[in-house]
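>>> got a sequence here, can you model it:
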Amino acid sequence: QLQLVESGGGLVQPGGSLRLSCAASGFTLDYYAISWFRQAPGKEREGVSCISRSGGRTIYADPLKGRFTISRDKAKNTVYLQMNSLKPEDTANYYCAAVRRNLGCDISGRSEYDYWGQGTQVTVSS
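All right, here's what the predicted structure looks like:
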């Protein structure tokens, strides 16, 4: 079965860290740019970060720059989102999406993604 599976979410205190994983099952991520999105209850989906197929291009939503880091491990067929200095407003369901493209990536949500994960919940609370 071809799918993306997120993991690593959970409950963390403000100021804490989490590392989310986006693993591909049944296909290789080598040909795909990967984007992370999040959606909180009652709010619209927003782009968080993305990484190009080669890993040479990354984009972050402005409010998240300096706190979040995206990376990819080709050997593990996985993309990671390291989240530091978490704030209550980071609470959301986080999910990844894959789009087959040679160059660049985007977090606008306008790409026609080939695969979406089911999401992993991140809750930042004391």
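>>> the spatially closest residue to residue 122 that is not a sequence neighbour - how many residues pack around it?
Spatially, and ignoring its direct neighbours in sequence, residue 122 is nearest to residue 9 (4.7 Å; C-beta to C-beta, 6 or more residues apart in numbering). The way it works is simple: take the backbone N, C-alpha and C, and place the C-beta from them, glycine included. The local packing of residue 9 (other C-beta atoms under 10 Å) involves 20 other residues.
>>> check which helix or strand covers the residue most central in space within the chain.
Taking C-alpha atoms, centre = their mean as the criterion, residue 36 is the residue nearest the geometric centre of the chain, at 2.7 Å. Per DSSP states H and E, residue 36 falls inside strand 32-39.
>>> following element in sequence after that strand, please.
Going down the chain from strand 32-39, the next helix or strand is strand 46-51, by DSSP H and E.
>>> tell me the strands beside that following strand, with direction?
In its sheet, strand 46-51 lies beside strand 32-39 (antiparallel), strand 58-60 (antiparallel), with partners assigned from DSSP bridges.
>>> list the buried residues of the shortest one.
Across strand 58-60, burial judged by 16 or more other C-beta atoms under 10 Å covers 59, 60.
>>> what about it, distance to the chain center?
11 Å (C-alpha atoms, centre = their mean, to the nearest Å).
>>> let me see the contact set for residue 78.
21, 22, 23, 24, 29, 72 (C-beta atoms under 8 Å, 6 or more residues apart in numbering).
>>> with residue 39 instead?
Residue 39 sits next to 45, 46, 92, 93, 95 when contact means C-beta under 8 Å, 6+ apart.
>>> tell me the buried residues within these.
92, 93, 95.
>>> out of the residues you listed, who's nearest residue 113?
The shortest distance between residue 113 and any of those, using C-beta to C-beta, involves residue 95 and amounts to 10.4 Å.
>>> give the contact list for the closest one.
Residues touching residue 95, when contacts are defined by C-beta under 8 Å, 6+ apart, comprise 6, 36, 37, 38, 39, 116, 117, 118, 119, 120.
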